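Asks: need a 3D model of the following:
(one chain, ligands or ions: 1)
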Amino acid sequence: MNKVEVCLTPELIHQFELKGKIAVVVDIFRATSCMVAGMGTGVNAIHPVAEVNECFEKGKSGRIMAGERGGIKVEGFDIGNSPFEYMCDMVKGKEIAVSTTNGTQAIVKSEGADEILIGAFLNLSAIANYLKASNKDVVIHCAGWKGTVNLEDTLFAGALIEVLLDNYQSHGDAALLASHVYQNSKHDLCAVAQTSAHAHRLASFGIEKDLTYCMQLDEFDIIPVCKNGIISLK
Ligand code: MLT
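Replies: Model prediction:
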């Protein structure tokens, strides 16, 4: 049986062997949810980068510049980091260059995996079905918050593990922890996720609607994959 592991923060990713495996990167609030929403509604491609400057550089060739620091849109960027901005007419058919506090860092740090998939509750079943057919080991790479663990990405890891368990063996205590947290929360997932530190931070900016949107299950039947630094659809 293939195994599924969980890396709870990009600070720990160096402890995982990614070669030969599929990495599923998740940043529920909000980077990977934005990417899934955008790719599911007509964004052409997304270029995730670690640094703000790289984003400005990519913007010079006509790409939409997107992202945030600390949850707030970077000054000079075209859009911030809301799933609703990723679904607006302005970005349809376009390429987006994006840099975020945690999500794009986790994607960049997943380099080394055979494939890097972009996961969110918005496309959980599509990701699970793809993994089940892949016959490869999986590392769920949680973006966390500035090197620390966060609740919402851990919940996603637990949710994905539950769906995979007929085909996968969960490996390591981080996977066990994610499963326990999810099992104890799944009766009211959205409410539990909204108790997280970043949910409070975003709510203090008045953007509660992003939080409920990011917790929607299976809005999109798509698998965004990051190859050579560019996210496109499988
Ligand atoms: C991140 O990458 O840390 C985020 O997606 C933060 C946010 O904009 O909510």
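
Asks: C-alpha only now, for contacts and for neighbours.
Replies: Will do.

Asks: all helices for the protein, in order.
Replies: 31-40, 52-59, 83-86, 103-109, 124-134, 151-164, 173-185, 189-193, 197-204, 208-214 (DSSP state H).

Asks: nearest to residue 11, of these?
Replies: Closest approach to residue 11 among the helices of the chain (C-alpha to C-alpha): helix 103-109, 9.1 Å.

Asks: and the closest one, how far out from the chain's middle?
Replies: Chain-centre distance of helix 103-109: 9 Å, with C-alpha atoms, centre = their mean, to the nearest Å.

Asks: return that helix as PDB; C-alpha atoms alone will do.
Replies: Below are the C-alpha coordinates for helix 103-109, written out as PDB (Å, rounded to 0.1, in the frame of the first residue of the first chain):
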ATOM      1  CA  GLY A 103       1.300  29.500   0.300                       C
ATOM      2  CA  THR A 104       3.700  30.300  -2.500                       C
ATOM      3  CA  GLN A 105       6.700  29.600  -0.200                       C
ATOM      4  CA  ALA A 106       5.300  26.000   0.400                       C
ATOM      5  CA  ILE A 107       4.900  25.500  -3.300                       C
ATOM      6  CA  VAL A 108       8.400  26.700  -4.100                       C
ATOM      7  CA  LYS A 109       9.800  24.400  -1.300                       C
END
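
Asks: what sits up against that helix?
Replies: Residues outside helix 103-109 that contact it (C-alpha atoms under 8 Å, 6 or more residues apart in numbering) are 10, 13, 25-27, 30-32, 48-50, 98, 116, 141-143, 226, 229.

Asks: switch the cut-off to 6 Å
Replies: With C-alpha atoms under 6 Å, 6 or more residues apart in numbering as the contact definition, helix 103-109 has outside contacts at 10, 27, 31, 48-50, 143.

Asks: any chance of these in TSV, with neighbour count and pLDDT too?
Replies: Below are those laid out as TSV (neighbours: other C-alpha atoms under 10 Å; pLDDT from 0 to 100):
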residue	neighbour count	pLDDT
10	26	98
27	30	98
31	30	98
48	27	98
49	23	98
50	19	97
143	33	98
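
Asks: let's have these in a markdown table, adding distance to the ligand.
Replies: Below are the contacts of helix 103-109 laid out as a markdown table (distance: C-alpha to the nearest ligand atom, whole Å):
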| residue | distance to the ligand |
| --- | --- |
| 10 | 12 |
| 27 | 6 |
| 31 | 4 |
| 48 | 10 |
| 49 | 11 |
| 50 | 10 |
| 143 | 7 |
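
Asks: related to what we said a few turns ago, adding distance to residue 92, write the helices of the chain out as JSON lines.
Replies: Shown next, in JSON lines, are those (distance: least, C-alpha to C-alpha, whole Å):
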{"stretch": "helix 31-40", "distance to residue 92": "8"}
{"stretch": "helix 52-59", "distance to residue 92": "16"}
{"stretch": "helix 83-86", "distance to residue 92": "8"}
{"stretch": "helix 103-109", "distance to residue 92": "21"}
{"stretch": "helix 124-134", "distance to residue 92": "22"}
{"stretch": "helix 151-164", "distance to residue 92": "27"}
{"stretch": "helix 173-185", "distance to residue 92": "34"}
{"stretch": "helix 189-193", "distance to residue 92": "28"}
{"stretch": "helix 197-204", "distance to residue 92": "25"}
{"stretch": "helix 208-214", "distance to residue 92": "19"}
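
Asks: endpoints of stretch 27-46, how far apart?
Replies: One end of stretch 27-46 sits 15 Å from the other (C-alpha to C-alpha, to the nearest Å).
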